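>>> below is the structure, and that's it, no one-letter string:
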């Protein structure tokens, strides 16, 4: 059965494979005949001057300190916060809902805000919702601020390891 490597037209690197016994099959523009072995690891091959050649290894994003710092920041950003005795979600959807409730509390300061928390429904005063919105906003801002500081350290060479990235976020 013929195998075809699927080639990314922008990079020339293989990203998948196809196989068919269909009669009269015409491979697509970005399908290149290949061996079964090449099909078993498509990202290890590149199309160079019409020929499949071994590709350089893909970089591990965790070996890139800036990408690692972004991963750490994101995990902290969406990991939630504790306000008093209450745990507040800070995933992206919760951030948006809290920002909307915060804006509503500013616009209608005499109204209660019905909000579904991690443990069920709660009624929050507008003043309380404003405090929650500010706490979540500050948490997100601080996560990005810390990542910016880490990125500057990576750029100036003062941060060169994952352990230093972790320590910078823990500080």
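Cool, the structure landed. Everything quoted here is computed from the prediction, not taken from an experiment. Numbering: from 1, shown residues only.
>>> low pLDDT regions in the protein?
Scanning the chain for pLDDT under 70 picks out the ranges 59-63, 118.
>>> now do the helices in it.
Shown for the chain, the helices assigned by DSSP state H span residues 36-40, 65-77, 92-107, 126-156, 162-170.
>>> dump the ones you listed to a markdown table, plus distance to residue 115 and mean neighbour count.
All C-beta atoms are positioned from the backbone trio N, CA, C, and that covers glycine. A markdown table is the format used below for these (distance: least, C-beta to C-beta, whole Å; neighbours: other C-beta atoms under 10 Å):
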| stretch | distance to residue 115 | mean neighbour count |
| --- | --- | --- |
| helix 36-40 | 51 | 14 |
| helix 65-77 | 20 | 18 |
| helix 92-107 | 6 | 15 |
| helix 126-156 | 7 | 16 |
| helix 162-170 | 29 | 15 |
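>>> now those helices as CSV including distance to residue 17?
Conversion of the helices of the chain to CSV gives the following (distance: least, C-beta to C-beta, whole Å):
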stretch, distance to residue 17
helix 36-40, 4
helix 65-77, 27
helix 92-107, 34
helix 126-156, 36
helix 162-170, 34
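>>> relative to residue 22, which of those is closest?
Set against residue 22 and scored by C-beta to C-beta, the helices of the chain come closest in helix 36-40, at 16.5 Å.
>>> which strands or helices does that closest one pack on?
Where contact means 3 or more C-beta pairs under 8 Å, 6 or more residues apart in numbering; DSSP states H and E, helix 36-40 is packed against strand 3-7, strand 14-19.
>>> can we see that at 6 Å?
Contact here means 3 or more C-beta pairs under 6 Å, 6 or more residues apart in numbering; DSSP states H and E; on that basis helix 36-40 packs against strand 3-7.
>>> show me the domain layout of this structure.
For the chain, the domain assignment from automatic domain parsing gives the residue ranges 3-54, 62-170.
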